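K.L.:
Next comes the sequence, and after it the predicted model I'd like to discuss.
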Amino acid sequence: MNPGSRRRFFDLPGRYRIRVHGQLSASLADRLGDLTITARHAADQQPVTTLTGELTDQAALLGVLNTLYDMGFPLLKVERLRSPSSAEDPSH
């Protein structure tokens with residue numbers, strides 16, 4: 001990837017899945033980029049919350065991650081589910 005295409009990748013929207021330890025209330029969705037919030041409880045384990053949705057760019061992703069950190073939720077995993085085609089193809 002050349003430096004020009006890397007910059008475009010950061011500025012483009014993407015779909016993300018973020019997992020954290022603990023249970024977040026669905027009422028926090030507006031504070032977390034309007035991501036869909038779902039919690040899962042396994043027997044004898046702490047709950048895991050998954051946030052899924054579209055974010056405008058990686059600055060928005062960083063804002064969500066910083067908010068989760070400030071709220072004390074340990075991060076388990078961040079996945080980019082869909083990349084914009086123009087970010088993958090430097091000829092665009």
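P.N.:
Sure, I can see it.

K.L.:
Show me the shaky parts of the chain.
P.N.:
1-8, 83-92 (pLDDT under 70).

K.L.:
Repeat the analysis, applying 90 as the threshold.
P.N.:
For the chain, applying pLDDT under 90 flags the ranges 1-12, 25-31, 33, 41-46, 82-92.

K.L.:
got the residue ranges for the helices in it?
P.N.:
Along the chain, the segments classed as helices by DSSP state H run 3-11, 58-70, 85-88.

K.L.:
Count the residues that sit near the residue nearest to residue 73 when sequence neighbours are not counted.
P.N.:
Using CB to CB, 6 or more residues apart in numbering and skipping the chain neighbours, the partner closest in space to residue 73 is residue 20 (4.0 Å). In this view, the C-beta of every residue, glycine as well, is placed from N, C-alpha and C. Applying other CB atoms under 10 Å, we find 23 residues neighbouring residue 20.

K.L.:
same question, residue 43
P.N.:
Quick note: residue 43 (other CB under 10 Å) scores 4 neighbours.

K.L.:
Kindly report the same for residue 68.
P.N.:
Count around residue 68 with other CB under 10 Å applied: 20.

K.L.:
Next up, the contacts around it.
P.N.:
18, 20, 32, 75 (CB atoms under 8 Å, 6 or more residues apart in numbering).
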